[in-house]
Each structure stands twice: as structure tokens, then as C-alpha cells.
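[1] model this:
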Amino acid sequence: MSVRRIFVGILASIGFMVVLLIVAGAVTGYFLWPKAEPMATKVILEIDFEKGLAEYAPTEPLAGLFGKKRLVVKEMVLALQKAAADSRVAGVVARVGSQSMNLATVQEMRSAILSFRSTNKPALVYSETFGELGPGNNAYYLATAFDEIYLQPSGDLGLTGLVYQTPFVKETLTKLGVIPELSRRGEYKTAVETFTETQFTEPHEASLRAVMQSNFEQIIEGISKSRGLSADKVRMLFNQGPFLSSEAVGVKLVDGLLYRDEVYDSIRKKTDQSAKPISIEDYWEQAGQDEPEGPVIALIYGVGAIHRGKSESSRLYGTMSMGSDTVTQAFRAAARDDKVKAILFRVDSPGGSYVASDTICRQVLLTKQAGKPVVVSMGDVAASGGYFVAIGANKIVAQPSTLTGSIGVFAGKAVTRDFWNKLGVTWDEVHTSDHSTMWSSTREYTPDEWEILQKWLDSVYKDFTTKVSKSRGLSLGKVQEAAKGRVWTGAMAKSLGLVDELGGFPDALRIAKELADIPVTAEVRLETYPEEKSTLDFITEMLWGNGDEETSSEDTSLELLASTVKTLEVLHRAAATAGLLPSPEILSTPEAGFMQGR
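    Model prediction:
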């Protein structure tokens, strides 16, 4: 028997044992895991927004064995909609406090809470602290959607205004011996400046400041309307913050100082003393899983950086990516399915591969031309390639704070020869052609190669702007004015004609119904494409992968640079958590742009 056969046999035996253990665990878990008690006749929904909220997480058949499943944005919105019409639900009590959600997600949740309140059911929110010596702007903005806001007496309100910070690693790369050779189309395509500058350039600062000011005005408007304060008063309060708990009550930013148990006593008095608290996760599991009968609207997710091949997810890090194969196959399947009347494409992506983005854009356009309406609902960010994949849709809906646009392109590589020399590593090569070493990270571009790169950038930028012009019905001149790589908020993008309507998931669903000639009040069945994995598929992928060995098209040198920035962000946040540095509201949102590799 050959060594290879012995090795394969050992691996097969190990794989069989792992599967056996998983199946045994599943059976054991099914019988031993505590079953949810039947829902009481009157309940109060509990929501913990401090946990954060993911846009999307692929359903894993065995997830329930390892703890309660967390709801994603869509499920949270639908659960609140269902609870609003459910006579058993007397009210909502929620906990907020940390900066666990980006602004667009906060706006999605604010809309859902305000809609719930329209049924005259009480919704109370409490916080142990809005920041605790850190910013609490987004968390407080979310809290203002509720009827009443309570703060723990020992807490504080970190209402301090926004600060957007960007790390610059040019000098770090110089010390390491790494030379970034990057080029772009659009002076506002500022992602490259993280590696090539030591501070904001004028376009970078202007773009970031405009986005920040737009978001700040949205927050001021929301707080002003909810708390019955003038916009000028709210703006002044931001200048005076942070506030001690007693000060927050004095300026009418919170309604009282209560501990958690006292807040629960308060909502019982407002509803029914016999009402039992139930987490929104348990409520959704018991009351929200049965999809209504009716017309089907397909739901397709495009989340994370865009690349060729299959979409990927990391259960360890909670990350997602948008693979063109997975997304286009989902569109083709939904288009072929006669029961699907429209498609809702939920996009939350900073961009990525130009080729992959174009592939998805083409499929969206073909689906629309085949007679299946496509509505895009944008999440926190739909910029660069994340905007490109959306332009073929019938309608685009964005939150006022969604980061979108960034119509531009950049490409290049990092020359790491000097870095390796510092480590005592030298490289040599043999090659066949004049441009064989063009993508090598140990050599600079030659003048000819640099010219080739510029031609490619010109071609991509022209293609991108032309397709936006045609798809959005805008003159090329108007698109070029809005392009140049500049990022816009959803509110700014609407005024430029880049999106059609401001709103969230329910608004996009309403438009999809209208385009499919489905009555707005009719119930529809949302079906996710592609279909969720079976238990067998899940186990197979967990053991041996998904069989997709194609690497993404992003250049590994650029990934090295991006990982440097990510490391700095992680260190910054760790230092902030330890109290060594002030915590920023957010770092300026990184965009993948279009990155072309080998």
C-alpha cells in the first residue's frame, strides 16, 4: 500500500470521526438543550442593542446547538413589524449604550422603533452609560426613537459630536522599506492616500468633512424632532457635552435616572403587570419564523468586499465577502423562478474587484431586462464597486447616512524589495518577456508598465462613469461631476441623482411590491437566494471547504497595505478600551475601491 493511500485513509478516518462527533452532538443537543417555553398571553419584548447588529449571517444548521442565534438587520425589522400587530406584545424595552452600530444601521433601527410606536404601544430604552468616558452619539441617537430614555444614576452621556480619523502609514512603510506605487482616477479616490500621504490632502479633507457634516445634521435633526428641542439647542448641547447623569436630565436629553429593574417596573405599569419579558430573539423564533403565503420576493445579499468566485464568510471573525459567482447565480435562479415576482438586492459593501463588480452589474441589468424588477436596498456602505453593482437596478434606496458613490478607481502594488533586504532576504528571478515582472512586488514599474497601468485606469474610469450615466439616466457631464472617486452620504447622493429614495428595508420592499404590481398592504413571502445550506452541505464545507480554490483578484501587495491599516485600527481600539487613548466616533470608513491584481 502506497504512502499516499495510507495518508488519504487516515484523513478519511479523521473526517468520519469528526462528522460522527458533530452528528452525536446534534442529537444530544436536540434532546438536552432547553426548549423555549410557550409564549405568555402578554409579553414585553427585550432588545439588547449593545450586542451590535450584523447585516447578514448565513444560516448554519447547527448554530442553535452552540447558543441563541443573533438576529440580523432584516430579522430585527420584521420582528418589530410583527410585534406591532401582535396583540400579545404589550411593549418594548431596549438597552443601548455602546457604539456598536454604524449610523445607517442606527437609522434602520430608529425607523423600525418609530413604526412600532405608531401603534401606541410603549417603547422604553435604558442605558447604563452612553459612552462611559467615550463618545455615545450613535447610541443616544438610536435611543431618541423611543418614548422615554432612562440613564443609570452612575452613568453619563457622551454627547460630544463626531470625529472622523484616518491613519496614514507612509512613514511606517518607509521605515519598513515598502514603497507603494499606486495610481487612481479621481482626486477624491483617497483610499490610496493612507499609504502615500502623512495627513489629509485638500480633496480628502473636503470630502470627509462634507460626509461628516451631512451625518451630523441628520443626527441633530433626529434628536431635535424626538426630544422637542430646536436644532440650534441640540447643536449647542453637543458643544457642552459630555454630561453627568443629573446634567443630562436637566437639559432634557433623558427622562429620568433609573436602574434596569426600575425601568422594567415602569413599563409594566404602562402595559400590564402580568406581562412577561421575552427576548426579541425568542419572540422571532416562536412567532416570526412562519413566512406568510403569498407572492414571493427574492432577497439576495451582497455583503463585504467584492471578488471573483464564491462568496465567503468567516465564523471566527464574523466577516463576509461578495463573490460574483454566488451573487450572479442567485440572480439567475431567482429570474428563472416563476413564483418570484421581484428581487430585493441588499448591498453593504465598500467595493473590491472591478471585473467582479462589472459581472454582478451585468447580471442585475439582465434580470431587470428579463422582466423581474430589481430594487437595491443599501446598508451602511455601498461605495465604489458596492455602488457599481447597484446601478443596473430599477430603483436604489439608501439610508440618509449610507456611504455611497465613490465612482472611481485605483490600482498598483507595493514594492517590498527593501523590506526583504532589511530581513536579509534577497530575490532573483528568470523571466521570458519585457513585462513578466510587471506585477512582481520586488521590482518597480518600468515607464512602459506605468503607462500601461494608466491606460487601464482610464479605461475602467470611462467604463464606470459611462455605465452610471446610462443606467441612472444622467448626462455624462453630471456623472463626472459627482464622480472623481468622491464618497457621498445617501442624502447627498439623492440630490445628485445617484439614488432614488431615502429609507430602509421596508421602503425597498414597498417599492418592490409596487414594481411587481403587488398591493402595498399585501403580505409577501421573502425567500433568500441562494438557498441556505443543508446540514450535510454545512458539515462538508466545514471539513473540506467549499471547493473554490480561485483566489480573489486583489493584489496581495495591496492586501499587505490594507492589513497594516487594519492592524492600526485594532491597536487604536484596544488602547481606547484600556483607557490609554480617547475612542473615536469612527475611523473614516475604508473603501476597497477597485483593486486590480495579477
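[2] identify the residues contacting the nearest residue to residue 301 once chain neighbours are set aside.
    Nearest residue to residue 301, sequence neighbours excluded (C-beta to C-beta, 6 or more residues apart in numbering): residue 56, at 4.5 Å. For every residue, glycine as well, the C-beta is placed using N, CA and C. Residues near residue 56 by C-beta atoms under 8 Å, 6 or more residues apart in numbering: 72, 73, 74, 301, 303, 320, 346, 348.
[3] ok, now how distant is the first one from residue 360?
    In this case it means residue 72. Counting by C-beta to C-beta, to the nearest Å, the separation of residue 72 from residue 360 is 21 Å.
[4] ok, those two, which is more surrounded?
    Using other C-beta atoms under 10 Å, the more surrounded residue of residue 72 and residue 360 is residue 360, with 30 against 17.
[5] tell me how many other residues crowd residue 305.
    By other C-beta under 10 Å, 24 other residues sit near residue 305.
[6] could you find the closest non-adjacent residue to it?
    Nearest-residue entry for residue 305: residue 352, 4.3 Å, with adjacent residues in sequence omitted and distances by C-beta to C-beta, 6+ apart.
[7] cool, and residue 268?
    By the measure of C-beta to C-beta, 6+ apart, the closest residue to residue 268 outside its immediate chain neighbours is residue 275, 6.1 Å from it.
[8] close enough to count as contact, the one you found and residue 43?
    Yes - here residue 275 reaches residue 43: they are 5.9 Å apart, a contact under C-beta atoms under 8 Å.
[9] so what sits against both of those two?
    Residues within reach of residue 275 and of residue 43 at once, by C-beta under 8 Å, 6+ apart, are residue 90.
[10] by contact count, what packs against the helix or strand hosting residue 92?
    Under the criterion of DSSP states H and E, residue 92 resides in strand 89-96. If you count contacts as 3 or more C-beta pairs under 8 Å, 6 or more residues apart in numbering; DSSP states H and E, strand 89-96 packs onto strand 43-48, helix 73-85, helix 103-117, strand 123-127, helix 137-143, helix 260-270.
[11] in TSV: the ones you listed, plus mean pLDDT and distance to residue 375.
    What follows is the helices and strands packed on strand 89-96, written out as TSV (pLDDT from 0 to 100; distance: least, C-beta to C-beta, whole Å):
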stretch	mean pLDDT	distance to residue 375
strand 43-48	96	27
helix 73-85	95	14
helix 103-117	97	16
strand 123-127	97	28
helix 137-143	96	25
helix 260-270	94	36
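[12] these: which one's closest to residue 524?
    helix 73-85 (11.3 Å; C-beta to C-beta).
[13] so how far is that closest one from its chain's centroid?
    Taking C-alpha atoms, centre = their mean, to the nearest Å, one finds helix 73-85 lying 19 Å from the centre of the chain it belongs to.
[14] for it, name the packing helices and strands.
    strand 43-48, strand 89-96, helix 103-117, helix 280-283, helix 505-515.
[15] tell me the angle the helix or strand following the last one makes with helix 73-85.
    Of the helices and strands lying after helix 505-515 in sequence (DSSP H and E), the nearest is strand 525-529. Taking axes from the mean of the first three to the mean of the last three C-alpha atoms, to 10 degrees, strand 525-529 and helix 73-85 form an angle of 170 degrees between their directions.
[16] partners of strand 525-529 in the sheet?
    Based on DSSP bridges, the pairing partners of strand 525-529 within the sheet are strand 296-303 (parallel).
[17] hang on, the earlier thing: which residues does the residue nearest to residue 305 form a beta bridge with?
    residue 306, residue 594.
[18] assess the claim that it and residue 306 are in contact.
    Yes - Residue 352 is within contact range of residue 306, at 3.3 Å (criterion: C-beta under 8 Å).
[19] and which of the contacts of residue 56 is nearest residue 129?
    Out of the contacts of residue 56, the member with the shortest distance to residue 129 (by C-beta to C-beta) is residue 73, at 24.9 Å.
[20] against which helices or strands is the one helix or strand residue 414 maps to packed?
    Taking DSSP H and E as the criterion, residue 414 maps to strand 409-415. Using 3+ C-beta pairs under 8 Å, 6+ apart, the elements in contact with strand 409-415 are strand 179-185, helix 447-472, helix 556-577, strand 593-594.
[21] please repeat the previous calculation with a cut-off of 6 Å.
    In terms of contacts (3 or more C-beta pairs under 6 Å, 6 or more residues apart in numbering; DSSP states H and E), strand 409-415 is packed against strand 179-185, helix 447-472, helix 556-577.
[22] contacts for stretch 114-123, please.
    With C-beta atoms under 6 Å, 6 or more residues apart in numbering as the test, stretch 114-123 has contacts from 80, 84, 91, 92, 113, 145, 146, 147, 270.
[23] check contacts around the residue lying closest to residue 74 once chain neighbours are set aside.
    Nearest residue to residue 74, sequence neighbours excluded (C-beta to C-beta, 6+ apart): residue 505, at 5.8 Å. Contacts here follow C-beta under 6 Å, 6+ apart; on that basis residue 505 touches 74, 77, 377.
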